[in-house]
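**Student:** Need coordinates for the following:
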Amino acid sequence: MSVVAQGYNAFETNKTATGTVKYLKDPASVMALIKSGKLGEHILLVRGGTTTFLAPALTMGAIGVITMSGAPESHLGILSREFQIPCVMTAYLTSSPSRYIVGDAGDEHFAEIVAELEGKKVTLDCSDHESGKIVLAA
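**Tutor:** Here you go, the predicted structure:
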């Protein structure tokens, strides 16, 4: 078990989610994934907790969400709890010193996370009350 990233847990659950990480940068990428019929195969990676454009995916079968900023109290955190979709928020790479700081995180912070996680098969472990883990899947 290799923890590649971790962050705040939106809600505690023993339900895990395993899938290939897909970065969704805008509403068009969300709609393209939904239309592909492969939504249920992916863990959705988005930039922030105020990413309301992700809402259609949450209602249509998303299995897991990773955000690179935002808090469990954010709109996306609330929606993930409502739909019981495991969600790790403000995720950071365990191999990197870079951390999200409100108003001080440059684009390179987000680009590093996308480069490391996109396309990899991971499992979200949200069994801890506060911390969610992103584990490389076999």
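**Student:** how about the helices of this protein, start to end?
**Tutor:** 27-36, 55-59, 75-83, 107-117 (DSSP state H).
**Student:** how far away is residue 129 from residue 9?
**Tutor:** 7 Å (CB to CB, to the nearest Å). To be clear about C-beta, it is placed using only N, CA and C from the backbone, and glycine gets the same treatment.
**Student:** For the two, indicate the residue with more neighbours.
**Tutor:** residue 9 (23 against 8; other CB atoms under 10 Å).
**Student:** which residue sits closest to that one, ignoring its sequence neighbours?
**Tutor:** Of all residues not flanking residue 9 in the chain, residue 132 sits nearest, at 3.8 Å (CB to CB, 6 or more residues apart in numbering).
**Student:** Would you confirm that that neighbour contacts residue 125?
**Tutor:** Yes: here residue 132 reaches residue 125: they are 6.8 Å apart, a contact under CB atoms under 8 Å.
**Student:** I'd like to know how many residues surround residue 83.
**Tutor:** 15.
**Student:** Over to residue 116?
**Tutor:** That count, for residue 116 with other CB under 10 Å as the rule, works out to 17.
**Student:** do residue 47 as well
**Tutor:** Neighbours around residue 47, by other CB under 10 Å: 20.
**Student:** Between residue 132 and residue 125, which is the more surrounded one?
**Tutor:** Between residue 132 and residue 125, counting by other CB under 10 Å, residue 132 is the more crowded of the two (27 against 21).
**Student:** Model confidence for that one, exactly?
**Tutor:** Listed pLDDT for residue 132 reads 97.
**Student:** Just list whatever residues bridge to it.
**Tutor:** residue 7 (DSSP bridges).
**Student:** Can you pull out the low-pLDDT segments for this structure?
**Tutor:** Where the chain drops to pLDDT under 70, the residues are 49-50.
**Student:** 90 instead?
**Tutor:** 1, 48-53, 55, 71, 74-75, 101-107, 138 (pLDDT under 90).
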